[in-house]
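Asker: Give me the fold of what follows.
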Amino acid sequence: MESEIDMPCPICSKSGQLKMASHIDDIPYFGEHTQVTLLCNACGWRQTDFIPAEGKKPGASSLFIRGEDELRARVVRSSSCTISIPELELEVSPGTSNTGYVSNIEGVLERFIQVVEMVLKDLEDPTQVGAATRILLVLSEVKEGRGSGITVEFLDPRGHSMVLHENTVNRELTDEELESLPLGPEPPIIEK
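Answerer: Modelled structure (predicted):
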């Protein structure tokens, strides 16, 4: 369902340009989810999130990636989810324009690779270039089903993210994690 919102965009403040699209989908093995997207046709601002039909507890899911089987594991990542790869000291925390997505572990690794490649272009220090190149090598090897493997961890204080694989380890977040994890973008406050 798509509808126009009679409010100015929370980013560019233009009126009559904000649209909201929502649809309910049954994501195989994850259950029913509602995808909500706000989009401004004027400035291109966009915010998407996935909300499970059933209430979820804050939680963490981790999966050790050994090969192709784990690379195909399905992922629902909400806008409140922090993803980390502890062995490489990499972490992506939700920011103000963070959006949710449905993918697989291979797609998550590809997103990390793209960011490291972008950062690598701006590095001049040989030590930093070497470290970034090493990270790219490890990520590429794992993505190709080679190497010694890495852990991908999903930490979601709202409990909307999931990893579907028989070897996924799920746990509750600690009080310390709940205190320190960012919640991601807040829904925009739209006032008349």
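
Asker: contacting residues for the closest residue to residue 51 other than its chain neighbours?
Answerer: Distances taken as C-beta to C-beta, 6 or more residues apart in numbering place residue 34 nearest to residue 51, at 4.8 Å, with adjacent residues excluded. C-beta coordinates here come from the backbone N, C-alpha and C atoms, glycine included. Shown in contact with residue 34 (C-beta atoms under 8 Å, 6 or more residues apart in numbering): 22, 23, 24, 25, 50, 51, 53.

Asker: Can I get the buried part of those as one ChimeraX selection?
Answerer: For the buried members of those, the matching ChimeraX selection, counting by 16 or more other C-beta atoms under 10 Å, is:
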select :50,51
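
Asker: now, which of the contacts of residue 34 sits nearest residue 151?
Answerer: Nearest to residue 151 among the contacts of residue 34, counting by C-beta to C-beta, is residue 50 at 23.1 Å.

Asker: Check what pLDDT that closest one gets.
Answerer: Residue 50 carries a pLDDT score of 72 in this model.

Asker: Within its sheet, name the partner strands of the helix or strand hosting it and how each one runs.
Answerer: Under the criterion of DSSP states H and E, residue 50 resides in strand 46-52. For strand 46-52, the paired strands and their directions (DSSP bridges) read strand 31-40 (antiparallel).

Asker: quick one: buried residues of the partner strand?
Answerer: Quick answer for strand 31-40 (16+ other C-beta under 10 Å): 33, 35, 36, 37, 38, 39, 40.

Asker: and what of stretch 111-131?
Answerer: So for stretch 111-131, counting by 16+ other C-beta under 10 Å, buried means 112, 116, 131.

Asker: Which of the buried residues of strand 31-40 sits closest to residue 153?
Answerer: Nearest to residue 153 among the buried residues of strand 31-40 is residue 33, at 21.4 Å by C-beta to C-beta.

Asker: wait, doesn't that closest one sit right on residue 77?
Answerer: No: in this structure residue 33 lies outside contact range of residue 77 using C-beta atoms under 8 Å: 11.9 Å.

Asker: Could the C-alpha coordinates of the least confident helix or strand in the chain by mean pLDDT be exported in CSV?
Answerer: Every helix and strand of the chain was ranked by mean pLDDT, DSSP states H and E. The lowest is strand 46-52, at a mean of 75. Taking C-alpha atoms only, strand 46-52 is exported to CSV below (Å, rounded to 0.1, in the frame of the first residue of the first chain):
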residue,chain,number,x,y,z
ARG,A,46,14.6,7.1,2.2
GLN,A,47,14.1,5.1,5.3
THR,A,48,13.1,1.4,5.2
ASP,A,49,12.6,-1.0,8.1
PHE,A,50,11.3,-4.5,8.7
ILE,A,51,9.0,-5.1,11.6
PRO,A,52,8.1,-8.7,12.6
